[in-house]
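# prediction below, plus the sequence it came from.
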Amino acid sequence: MRIGVLTGGGDCPGLNAVIRSVVRTATTQYGSSVIGFRDGWRGLLENRTTPLDVAAVDGLLTRGGTTLGSARVAPEKLHAGLDDMKTVLARHGVDVLIPIGGEGTLTAAHLLSEVGVPVVGIPKTIDNDIDCTDLTFGFDTAVSVATEMIDRLHTTAESHQRVLLVEVMGRHAGWIALHAGLAAGAHLTLVPEEPFDVAEVAKIVGDRFARGDSHVIGVVAEGASPLPGTMLVRDGGVDEYGHKRFTGVAQQLGEELERRTGKEVRTTVLGHVQRGGTPTSFDRVLATRFGLHATVAAHDGKVGQMVALRGTEIELVPLADAVARLKTVTPTRLAETLAFTG
Ligand SMILES: Nc1ncnc2c1ncn2[C@@H]1O[C@H](COP(=O)(O)OP(=O)(O)OP(=O)(O)O)[C@@H](O)[C@H]1O
Ligand SMILES: O=P(O)(O)OC[C@H]1O[C@](O)(CO)[C@@H](O)[C@@H]1O
Ligand SMILES: [Mg+2]
């Protein structure tokens with residue numbers, strides 16, 4: 001059998017570990033071959049490939065990013081290029097394609113599957129917002145990085161009796177904010193799923209100082225937004241791929257809090273440090289197991305599926321189900337922060 005692999009969307013710690021796992025499983029367990037398409041769907045559209053054998057994936061278990069490269073392609077181009085992609089796959093004799101990516105990449109994978117391409121998807125994203133899987137790899141690494149950074153902010157905030165707002169990634173889902181906030185003892189956690197009331201946030205800050213606490217740490221997901229009519233956040237429009245351009249909600253909230261509370265506020269935007277570098281051991285294991293099980297599924301003819309973590313087992317779920325909705329933070333999970341808020 002011949003397997004094609006590509007990585008789409010934003011990079012994520014563990015992508016290389018998946019590539020290694022697919023190649024090693026395919027070659028050593030089945031005697032199959034693997035070909036990589038460069039820069040996500042673009043490589044498949046433009047027929048840019050790289051051979052992948054065991055030597056090529058040596059050392060990839062621990063390396064961050066993706067050696068295949070990743071790129072975003074406007075969805076219209078992808079829709080228009082479905083036949084071209086099928087031609088490229090046929091030219092290389094690819095029997096099953098394994099795309100590794102977030103909800104966009106997996107939506108495109110589902111499209112290909114619908115037009116008859118055998119596909120097994122692998123979910124990746126530091127945001128952990130893919131449905132039907134308990135976790136995605138990359139999330140644990142991002143939370144670990146964010147937690148370490150927030151730990152460090154506690155001491156400097158205490159020294160200056162300041163409010164320190166930390167903006168973490170999380171476009172549609174606040175999983176990183178929720179977990180890093182709990183892990184690092186944040187006093188306030190704001191997520192995209194529940195718009196915040198700026199007056200309430202100012203009260204939490206004021207009350208903490210009023211009762212003699214030395215500082216406030218607030219974790220703000222980049223996709224968090226104020227309740228309509230309570231505070232203005234600059235509109236950045238959308239980029240060429242239809243993604244909303246963020247304008248720094250934490251910085252703007254910080255300015256508003258200074259005005260309302262008279263306290264000094266500093267903002268730290270963690271940004272891409274959450275996505276770079278080596279994966280944690282948890283993510284290396286999850287990525288390796290995803291790659292292994294996707295390759296086994298490909299050889300078993302179980303296509304149109306996505307590998308998923310359910311409890312401690314890796315299972316297969318229909319791609320159609322996985323991309324039907326995003327997995328966002330539930331009110332119940334958010335309510336768990338209440339005992340630690342303020
Ligand atoms: N609705 C769609 N229809 C067809 N193709 C799509 C669709 N959405 C996304 N894609 C394709 O998948 C690519 C990757 O999607 P996207 O940029 O959203 O990354 P992702 O895989 O969701 O990862 P991330 O977590 O970084 O967003 C897009 O650039 C586009 O080519
Ligand atoms: O690297 P880019 O293209 O700016 O994308 C950033 C987005 O990708 C993610 O890191 C993963 O989906 C989001 O948290 C973030 O909004
Ligand atoms: Mg996406």
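Right, received. Where do you want to start? Numbers count the residues shown, from 1 in each chain. Ligands and ions are numbered 1, 2, ... in the order given.
# list the contacts of the lengthiest helix in the chain.
For the chain, the longest helix by residue count, based on DSSP state H, is helix 139-160. Helix 139-160 is touched from outside by 13-14, 125-128, 162-164, 166, 168-169, 175-176, 179-181, 183-186, 214-217, 219, 264, 266, 268, 270, 273-275, 277-280, 282-283, 286, with contacts defined as CB atoms under 8 Å, 6 or more residues apart in numbering. To be clear about C-beta, it is placed using only N, CA and C from the backbone, and glycine gets the same treatment.
# hmm, it touching ligand 2?
No. Helix 139-160 lies out of reach of ligand 2 by CB under 6 Å from any ligand atom, never closer than 8.1 Å.
# hang on, the earlier thing: can you narrow the contacts of helix 139-160 down to the ones near ligand 1?
125, 127.
# of the contacts of helix 139-160, buried ones?
The neighbour count (16 or more other CB atoms under 10 Å) marks 13-14, 125-128, 162-164, 166, 168-169, 175-176, 179-181, 184, 186, 215-217, 219, 266, 268, 270, 274-275, 278-280, 282-283, 286 as buried among those.
# inside strands: which ones of those?
163, 164, 166, 168, 216, 217, 219, 266, 268 (DSSP state E).
# now, which of these sits nearest ligand 2?
residue 168 (8.5 Å; CB to the nearest ligand atom).
# ok, and does stretch 161-175 reach over to ligand 2?
Yes. Stretch 161-175 lies within reach of ligand 2 by CB under 6 Å from any ligand atom, at 169, 170, 171.
# next one, pLDDT for the residue in the stretch 201-342 of the chain that ligand 1 sits nearest to please.
Per CB to the nearest ligand atom, residue 241 is where the stretch 201-342 of the chain lies closest to ligand 1, at 5.6 Å. As predicted, residue 241 sits at a pLDDT of 84.
# specify the beta-bridge partners of the nearest residue to residue 43 once chain neighbours are set aside.
Leaving out its chain neighbours, the residue that sits closest to residue 43 by CB to CB, 6 or more residues apart in numbering is residue 37, at 3.7 Å. The bridge-partner assignment for residue 37, based on DSSP bridges, gives residue 49.
# which residues of the stretch 51-200 of the chain lie near ligand 2?
102, 125, 126, 127, 169, 170, 171.
# check contacts around residue 24.
If you count contacts by CB under 8 Å, 6+ apart, then residue 24 has 54, 57 around it.
# tell me which helix or strand it sits in.
helix 15-24 (DSSP states H and E).
# quick one: residue 127 and residue 173 touch, right?
Yes. Taking contacts as CB atoms under 8 Å, residue 127 lies within contact range of residue 173: 5.4 Å.
# still on that earlier bit, just curious, which of the residues of the stretch 51-200 of the chain next to ligand 2 is nearest to residue 256?
Distances from residue 256 to these, taken as CB to CB, are shortest for residue 170 (20.3 Å).
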